[in-house]
Structures are given as C-alpha cells and as structure tokens.
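K.L.:
predicted structure and sequence below. I'll ask about it afterward.
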Amino acid sequence: MIELNKENFEAEVLSYTERPVLVDFWGDKCEICKQLMPGVHELEGKYGDKIKFSSLNTSGSRRLAISQKVLGLPTMIIYRNGEKASSITADKITSIDDIENFIKTYYETI
Amino acid sequence: MAHIYDTIIIGGGPAGLSAGLYAARSKMDTLIIERAKFGGQATTTDELENYPGSIENCTGSSLSERMRKQAEQFGTKFAIDDIVDVELAGNIKTIKGKKETYEAKTIIICTGATPRLGGFRGETELRAKGISYCATCDADFFTDLDVAVIGGGDSAITEAIYLTKFAEHVTVIHRRDSLRAAKSLQEKAFANPKISFIWNSIPEEALGDEILEGLIIKNKLTGETSELKVDGCFVFVGYDPITQLFEGKLGLENGYIVTDEDMRTNVPGVFAAGDVRKKSLRQVITAAADGAIASTTAEHYIEENK
C-alpha cells in the first residue's frame, strides 16, 4: 500500500494511468477505518495485480480529502486515469466483505 | 464436527466484551464474534464522561480496547465474521458466518444498535459528503466550517459540544421546544457561545450536488420553511436495533429483544445484552452490566442442563 499525502497525491493518483488506483481514505480517530485496514492489506494480495492500492490519512490532509468530495470515513474510491470510477462510503461498509465485494465488482470489469 | 463452545457472544461492543470477561473468568469456553469493529458504538464517541472511573483520558475507543484486552487476558477467543444465520432451538445452537459455522451450548446476543436515519430528502445521497452519524470520525473535516446537529437527546448534545472544538458554529435543530439530554449537558450546551438552537423544527431536505451545501428546515408549528447554509450535518435522532437475524426466532418488541432481568430470552440457552435489548437506558455502563449478568445466567443454564 502506498501512503499518500498532499505532495504525492497528484502523481500517484490523479496523473497515474497505468492501472486503476484504490484510495482508502481513513483518519486517526476513525476506529472502524483502522480495524478494517489489515483486511484491506490482505485484499491487495488478491487484487493488487490489476489495481494499485493506496491510503490517505485525512487527519493530516483534510483539504485534499474535501477536494475529492470526501467528507466522511471510511470512504474508498477507485480512480481510473485520474477520474473517480467507483466509490463506497461508510453507510455501505459493515465488514471487510463489503469492501472486498466493492473491489471485486470493479476488478472483474478490468 | 465443529468445536462446541460453552458460549458464543455475537457482537464485540461493551456488552459483548463484558460478557466475554465474565464468561472467561468463570472458565467457560468462550468465543466473541464481531463483524468489523470491536468496541461497538462506544468507539464513535470521543468523550466518555459518564462511565464510572473514566474521568481522565478516556475515549470510547481507549475504554473499549482495555475491555477487549481484559477479556482476552482471561482466555476469551475472538473471531471476525459476519453472521448470516442462526439456529437457536435445541441444546446445541448453530451460528453460520460467512467464513465459518460455529456451535455452542449458549448464545449471548450483543449485536447492538445502529444510528437511525433522519428520513429527509437528500440524506442518503449526501451521506459521507457532509451528512454524518459519527462526530468522532468526521468532525475534523469541518474545522472552521458551519455544521448542524439534528436531535435533542444525550448523543446529539454531547456531539454538538464536541463539534465546537472543530466547527466555527454548531446549530442544533430539534423537533421539540426543549432538550431531552441530561441537565448537565444542557447547561454546557446553553453556555457554549458556538452553539445556537432552532426549536420545533426538522430538516426537510439536504441541499447540494456533490457535497452538502445547506438544509431546508421546516418549523413544525408554523409550517414555514427556511434555508440554513451548513457544510456539515450530524444526525442523532435515535437508534435501531440490529435484530434482523432473529426475526421469527426470538421474542422481539419494536425490533428489540425482550429478556427477563437475568437476560434470558424466550428461547432456552439464548440470552441478550446491551443496546439490542428492550430496556429504558442504553449506555456503556448498562451494556457492560447486562453482559456480566448474561454470562452468569448462561453459566447457571449450562450447570442445570448438564
């Protein structure tokens, strides 16, 4: 998983065109985000061949998150050629399975 | 043949962790199954001032983590799995998860509750785009911005006060003309210059395309509507029990599981504890108390049915 920040977000996500990029938006105070994270790392092993996995700690990059219209955690967005291709937000995430289904659905279209 | 536990606790919030601690201390073979996040709703609150002994440096997540470690120290086992079906009748109960099937002599249901939606137009579309149900998770986004809080109970007022640490201004919108929250919270809120109130009103619509830009608010007495510009809206209008798995299998009332004072449901060997149970006060302290009682009753049940 690539750790994103204000400096590398443009290059690693918005201008990156080789593969779709999954961004796991999380925060220091989001407990469910932190408890889901090991599971997201495991999913990288399964789907990382076609999707680049990355995460952004919004606690230090609030403005960047808002610029991506992310105002709630956890949120996962898959970008393709710098554009949002698919996303899932807190209300649809009750367990890691929901995240896997979200990734898998997109993965199968690649 | 699956391993048969003495008790399986479904749900890893304060009720489940307390049940786990008590069960493991009485040498019961105990498993807690949680679908995502140990600590339950307690982890979504930053300030936990009403749990006895929690006066200093105690957040919902730090208390939950201590509870989890304590249960673990006495031998409780943990699993992460999402339960899809339960078989409650008979001496051995079966619990089907997405990953595994589990068996136990007793079950303690601690599945808790989930925040209720406000039920206004645009609410689900703008969820995580300005509409939130977890101040701890999302407050940071609204630093120096204006937010609304919907509701007038303990949760709404606690979180409104918490939000003033971040937001420029917090407007509490409540459908009645007085708050239901504890008097001490009310005093704090009324004295806070960053909080104002709109009484007898409910949100009718959330405005904004990609992110929340404001709310249409309706005064219930006059029927008049007005627009309030806010960047964030936190909804705390109550909770719904997580009991879909048990419909038709257990006695429920308004969705909540009915138990006696020793946490027995109407099915032998099946107990319930915490917010999922029909009761009058849903707090971390009452959840923990329920959990302790449920484990003790479960232990007696196993003794009597040997």
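P.N.:
That came through, no problem.
K.L.:
what ranges do the helices span in the chain?
P.N.:
Answering for chain A, as no chain was given. A:9, A:31-47, A:62-67, A:96-107 (DSSP state H).
K.L.:
other chain: chain B
P.N.:
B:14-25, B:60-73, B:135-138, B:154-163, B:183-191, B:284-304.
K.L.:
most packed of those?
P.N.:
Among the helices of chain B, ranked by average contacts under mean count of other CB atoms under 10 Å in any protein chain shown, first place goes to helix B:14-25 (a mean of 30). Heads up, the C-betas are built off the backbone N, CA and C, glycines and all.
K.L.:
reformat the helices of chain B as JSON lines; add distance to chain A.
P.N.:
Formatted as JSON lines, the helices of chain B follow (distance: least, CB to the nearest CB, whole Å):
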{"stretch": "helix B:14-25", "distance to chain A": "13"}
{"stretch": "helix B:60-73", "distance to chain A": "5"}
{"stretch": "helix B:135-138", "distance to chain A": "5"}
{"stretch": "helix B:154-163", "distance to chain A": "11"}
{"stretch": "helix B:183-191", "distance to chain A": "21"}
{"stretch": "helix B:284-304", "distance to chain A": "14"}
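K.L.:
among those, which is nearest residue B:249?
P.N.:
helix B:284-304 (17.5 Å; CB to CB).
K.L.:
so that closest one versus helix B:14-25, what angle?
P.N.:
Relative orientation of helix B:284-304 with respect to helix B:14-25: 40 degrees, computed using axes from the mean of the first three to the mean of the last three CA atoms, to 10 degrees.
K.L.:
between helix B:284-304 and helix B:60-73, how big is the angle?
P.N.:
Using the same axes, to 10 degrees: helix B:284-304 against helix B:60-73 is 20 degrees.
K.L.:
kindly report the residues of the stretch 201-306 of chain B close to chain A.
P.N.:
Proximity of the stretch 201-306 of chain B to chain A (CB under 8 Å from any CB of the partner chain) is limited to residues B:210, B:211, B:212, B:232.
K.L.:
how about the closest residue to the last one other than its chain neighbours, what does it touch?
P.N.:
For residue B:232, ignoring the flanking residues on the chain, the nearest one in space by CB to CB, 6 or more residues apart in numbering or on different chains is residue B:147 at 3.7 Å. Applying CB atoms under 8 Å, 6 or more residues apart in numbering or on different chains, we find residue B:147 in contact with B:163, B:167, B:169, B:170, B:171, B:230, B:231, B:232, B:233, B:234.
K.L.:
can you redo those as TSV with pLDDT?
P.N.:
Listed next are the contacts of residue B:147 as TSV, based on pLDDT from 0 to 100:
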residue	pLDDT
B:163	97
B:167	97
B:169	98
B:170	98
B:171	98
B:230	97
B:231	96
B:232	97
B:233	98
B:234	98
